[in-house]
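Student: Provided below are the primary sequence and the corresponding predicted coordinates.
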Amino acid sequence: MYRTTTLRDLVCRGIPGPLRGEMWRVLSGACHLEATAGPGYYRRLLRLAADAPESLVSDEIERDLHRSLPEHPAFQTSSGIDTLRRVLLAYAQRNPAIGYCQAMNIVTSVLLLYAREEQAFWLLVALCESLLPDYYNTKVVGAIIDQGVFEEITKEELPTLYNKVNQLGVLSMISLSWFLTLFLSVIPYQAAVDIVDCFFYDGAKVIFKVSLAVLEANTEKLMDCDDDADAMRVLNDYLEGVSSRDHGDNQCDMIHDTVNVSDLINVAHDKYFHITDDLIDSLRFKHRLVVVHSLEDSTKRGILRSLSVDSWFDLEELDALYVLFKEEQLSGCYWEALIPSDTLEKHKQDSFYQLAKITSERFRYLAAHLFPWRHGPNADVLANRFFVILDHDSDNMISFKQFINGLGIMVHGDTMDKLALLYQLHIPPALTREDLVKDRVVLGGEEDADVDEDGVEAGEFFLRKESGSPSSQGSEPLSSEYSFLLDDVDVCDTVVGKEEPTKKQESVKPKCLLCHKRVSVDERVRVYKTLPRLNEERFIQFWKSLYDIFTDGSEQEQVVYQSITTIGSTLLQLGEVGRQFDRCASAPIDPTSTMT
C-alpha cells in the first residue's frame, strides 16, 4: 500500500472500528506473512500447542490471561479467555526463542477486539518480529535500547525538562511500559487504539513522538514535582484523561482535564516531524552496544558470584575463563547452529548461570589449549569422552558451570580426583560402542573375543543388546547397573545421606561422577569406591592414556614410562591374585574331602 499524506491524515483521525482489523493487517504486513505461511499454518500450531506438555511459558500465559483488559466484557467470559490463550500459545509454538513475554497479553487482547483470531495471531507476529524486533524476548533488549534512545532524544528536544525528570528517575520508569504496550496499559484502550493505528502506519517513531508530546504537555507540572511519585501521578492523571471523540467518557471528563487523542497525535507529528526512522536506527545502533555490554556484564557478575562459592578457581581465574568461554560461544553462534530448536524451550527454564553454553566443537578447541591432558596421541579422544560425561542431558551442549567443574578437577584436584576422572573416561557413559570396536581392532582382538568374567566390563553392556533393535546403534543409554554414577550436584546429596534413587530414577542415563571442592576427602573416597571395575583390556587402555598424558619429550620421560609400566604390571598381577582368590572362595566345598 502506498503511503500518502491523505492516508496519513485519515489514519491520524482514527480508523473506523469495522475497518480497523483489516487496515492493521495491510499496514503492518501481517497479510503478507499469512500468505507466505500458507493455509492451515495457524491450525497446525494450535495442534502442536494442544499436544505440548505444560511448561514455564504456558504457566506464564495462564497467569496473565485474566489481567488482559479485565474491564472489557469480551474477556470476562471463558470464550474470550480461551481465544486469547490459543493465540498466545500458538505464537509460543511458532517462536520458542521468544515464547511469551509480559505485555504481549495486553497487546493481543486489543488486537482480538478488532480482528478475528487468526488475523490477530498474524498481527502479533508482525509486531514481535518486524515492527518491534527484540522487544518481547526474555530481557526485553529492544525496549531497553529504545528507552536509551528516547532519553537521548528527550535530552536534545527538551533539555530543561530532561534534567528534572532524569534527576527524579522517572524516564526509565515510564518509557518501558509506554513502549512495550503501545500506551494500551496507560491510556484508555478506546483512545489508545488511535495511537496503534498510527503505529501500524508509521512504525516505532510514532511512539517516540507521542511520548515527547506527553512530556512537553506536562512540563510545568513536572518541573514542580519534588519526587518520582509526584511525577508519576502527574503523568498518570494526564494519560487517563486522554479520550477519543467517538468514545467520550463523562465520568472521566469530570475527574480529569480531558485531551483528545487525535489532537495529541497531531501535535506529536507537527512538533517532532524531524524524528525519522533513520535517526532512530542510528541511535539504536549506538545504544545497542551499550545495552548489550551492560546486560552481558551484569550476567557475568551474577554467574561468577554464584559459581565462586563451590568452584575450584578463584574469582580472577573464573573471570578469565568466562571470557574465553564466551568467545567460543560467540564463535559457535557464527559458525554453527548453537542451540537446536528442540531444546530452546528446555533452556528457557535453565538457571541464569547455565545459559552460556558451547557445543562439542567449541569444547574441543578449548580443551586443546587449556587442558593439562592435551598432550599425547589420544588427547582428542579423551576430550571427546570428557565432553560426553559433562553433557549429562545429551543435547551436545555444556554450560560454563559444567566446564569449570571438569577443568577444576584437572587443574586443582588432588591425585585421587584426577585418577578418578581419567578412570571414568574409560567406562560408560564416556565409552561408546564405537570406542570398544576401535580398541579391539587396534589390540588385534576379535569382536566376539572371550573376556574375563570377573569385573564389570564396559563393553558387556553394549554387546548384550539385541542387534536388530534401533537403540543398539551408536551411543546407547545405560542400564540400571550403572545407575549409581551421579552428576556433580547429586554426588553431594548422596554423600550426606540423601535417599536412594527410586527405580524410576534408575532408568535415567547416568552422569559423570564429579565432586565439588567442598566434598571432604573421606567422602570422595567413599563415592569413588562405587565405580565399576575394569577388565584387563580396558585397564591397559586406561594405563596407556595415563602414560600419554606425561609424554612431553623431556629427559625424564623414559623414567616416567618405566615407573608407569612397573606400577601397571604390579596392579595387573594383584588383580590376577584377587581373581584367583575370589574363585577359590566361591568354589563349592567337597564334604567328602579331609584336611591334611
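Tutor: Thanks, I have it.
Student: separation between Leu534 and Asp380?
Tutor: Applying C-beta to C-beta, to the nearest Å, the value for Leu534 to Asp380 is 22 Å. Every C-beta, even on glycine, is put in place using the N, C-alpha and C of the backbone.
Student: Please disregard the earlier target; I meant Leu48.
Tutor: Per C-beta to C-beta, Leu48 is found 40 Å from Asp380.
Student: Likewise for Ala268?
Tutor: Using C-beta to C-beta, one obtains 62 Å as the distance from Ala268 to Asp380.
Student: go on, Thr181?
Tutor: On the measure of C-beta to C-beta, Thr181 and Asp380 end up 53 Å apart.
Student: Mind checking which of the two has more residues around it?
Tutor: Legend: neighbour count by other C-beta atoms under 10 Å for Thr181 and Asp380, higher for Thr181 (19 against 13).
Student: wait, doesn't that one sit right on Val107?
Tutor: Yes: judged on C-beta atoms under 8 Å, Thr181 makes contact with Val107 at a distance of 6.2 Å.
Student: Which pLDDT value belongs to Val496?
Tutor: pLDDT for Val496: 31.
Student: For Val186, what are phi and psi?
Tutor: phi -120, psi -20 (degrees, to the nearest 10).
Student: Strands along the stretch 301-450 of the chain, start to end?
Tutor: With DSSP state E, counting those that start in this stretch as the criterion, the stretch 301-450 of the chain has strands at 357-359, 397-399.
Student: Equivalent analysis for the chain, please.
Tutor: Assignment of strands within the chain using DSSP state E yields the ranges 242-243, 259-260, 357-359, 397-399.
Student: Starting from the third one, tell me which strands it pairs with and how they run.
Tutor: Okay, so that is strand 357-359. strand 397-399 (antiparallel) (DSSP bridges).
Student: for the record, mean pLDDT for the partner strand?
Tutor: Mean pLDDT, computed over strand 397-399, is 87.
Student: try stretch 101-114
Tutor: Mean predicted lDDT for stretch 101-114 stands at 93.
Student: for it, which positions count as buried?
Tutor: By neighbour count on 16 or more other C-beta atoms under 10 Å, the buried set for stretch 101-114 is 101, 103-114.
Student: among the residues you listed, which two are most distant?
Tutor: The most widely separated members of the buried residues of stretch 101-114, counting by C-beta to C-beta, are Cys101 and Tyr114 (21.7 Å).
Student: one step back: can you say which of the strands of the chain is nearest to Leu123?
Tutor: In terms of C-beta to C-beta, the element of the strands of the chain nearest to Leu123 is strand 242-243, at 22.8 Å.
Student: any chance of the buried residues of stretch 101-114 in TSV, with distance to Ile549 too?
Tutor: Formatted as TSV, those follow (distance: C-beta to C-beta, whole Å):
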residue	distance to Ile549
Cys101	49
Ala103	55
Met104	53
Asn105	57
Ile106	60
Val107	59
Thr108	58
Ser109	63
Val110	65
Leu111	62
Leu112	64
Leu113	69
Tyr114	69
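Student: Pick the one among those residues closest to Ser79.
Tutor: The nearest member of the buried residues of stretch 101-114 to Ser79, counting by C-beta to C-beta, is Leu112 at 11.1 Å.
Student: ok, for the closest one, nearest residue in space, not its chain neighbours?
Tutor: Nearest residue to Leu112 in three dimensions, chain neighbours excluded: Ala120, at 4.7 Å (C-beta to C-beta, 6 or more residues apart in numbering).
Student: For the one you found, give its distance to Trp24.
Tutor: Ala120 is 9 Å from Trp24, where distance means C-beta to C-beta.
Student: ditto for Arg13
Tutor: Taken as C-beta to C-beta, the span from Arg13 to Trp24 is 16 Å.
Student: related to what we said a few turns ago, now the common contact residues for Ala120 and Trp24.
Tutor: Common neighbours of Ala120 and Trp24, counting by C-beta atoms under 8 Å, 6 or more residues apart in numbering, are Leu111.
Student: Low-confidence stretches in the chain?
Tutor: Scanning the chain for pLDDT under 70 picks out 1-2, 245-257, 332-355, 432-519, 551-554, 587-596.
Student: go with 50
Tutor: The model of the chain has pLDDT under 50 over residues 249-255, 337-354, 441-512, 594-596.
Student: Phi and psi next, for the closest residue to Ile549 other than its chain neighbours.
Tutor: In space, and not counting its chain neighbours, Ile549 is closest to Trp373: 5.1 Å by C-beta to C-beta, 6+ apart. Torsion angles at Trp373 (phi, psi; degrees, to the nearest 10) stand at phi -100, psi 30.
Student: neighbours of Gln556, just the number please.
Tutor: Residues near Gln556, counting by other C-beta under 10 Å, number 10.
Student: Backbone dihedrals for it, please?
Tutor: Here is the backbone geometry of Gln556 (degrees, to the nearest 10): phi -80, psi 0.
Student: how near is it to Phe550?
Tutor: Applying C-beta to C-beta to Gln556 and Phe550 gives a distance of 9 Å.
Student: again with Pro96
Tutor: From Pro96 across to Phe550, the span is 47 Å (C-beta to C-beta).
Student: And for His375?
Tutor: With the distance defined as C-beta to C-beta, His375 ends up 8 Å from Phe550.
Student: Could you do Lys164 as well?
Tutor: Distance from Lys164 to Phe550, counting by C-beta to C-beta: 70 Å.
Student: repeat for Arg25
Tutor: Distance from Arg25 to Phe550, by C-beta to C-beta: 70 Å.
Student: which of these two has more neighbours?
Tutor: Just comparing Arg25 and Phe550: by other C-beta under 10 Å the higher neighbour count belongs to Arg25, 22 against 16.
Student: returning to that earlier point: if I pick the residue nearest to Ile549, what's in contact with it?
Tutor: 379, 382, 410, 422, 549.
Student: what's the neighbour count on the fourth one?
Tutor: Counted with other C-beta under 10 Å, the burial measure for Leu422 works out to 20 neighbours.
Student: Tell me which residues are up against stretch 105-119.
Tutor: 17, 20-22, 24-25, 30, 34, 42, 61, 64-65, 67-69, 72, 74-75, 80, 83-84, 86-88, 120, 123-124, 127, 181-182, 184-185, 189, 192-193, 196.
Student: on that earlier part again, which of the contacts of Trp373 ranks first by neighbour count?
Tutor: Leu382 leads those on contacts (other C-beta under 10 Å) with 22 neighbours.
Student: I'd say it and Leu546 touch.
Tutor: No: taking contacts as C-beta under 8 Å, Leu382 lies outside contact range of Leu546: 10.7 Å.
Student: Need the residues touching each of these two.
Tutor: With C-beta under 8 Å, 6+ apart as the test, Leu382 and Leu546 both reach Leu422.
Student: Surely Ile265 and Asp194 touch.
Tutor: Yes: the pair Ile265 / Asp194 is scored as a contact, 6.6 Å apart, by C-beta under 8 Å.
Student: more crowded one of the two?
Tutor: Asp194 (27 against 22).
Student: hey, where'd the helices end up in the stretch 201-350 of the chain?
Tutor: Along the stretch 201-350 of the chain, counting by DSSP state H, counting those that start in this stretch, helices occupy 205-217, 219-223, 228-240, 250-255, 261-271, 277-307, 315-335, 344-348.
Student: packing partners for the longest one?
Tutor: For helix 277-307, the elements it packs on are helix 141-157, helix 205-217, helix 315-335, helix 400-412, judged by 3 or more C-beta pairs under 8 Å, 6 or more residues apart in numbering; DSSP states H and E.
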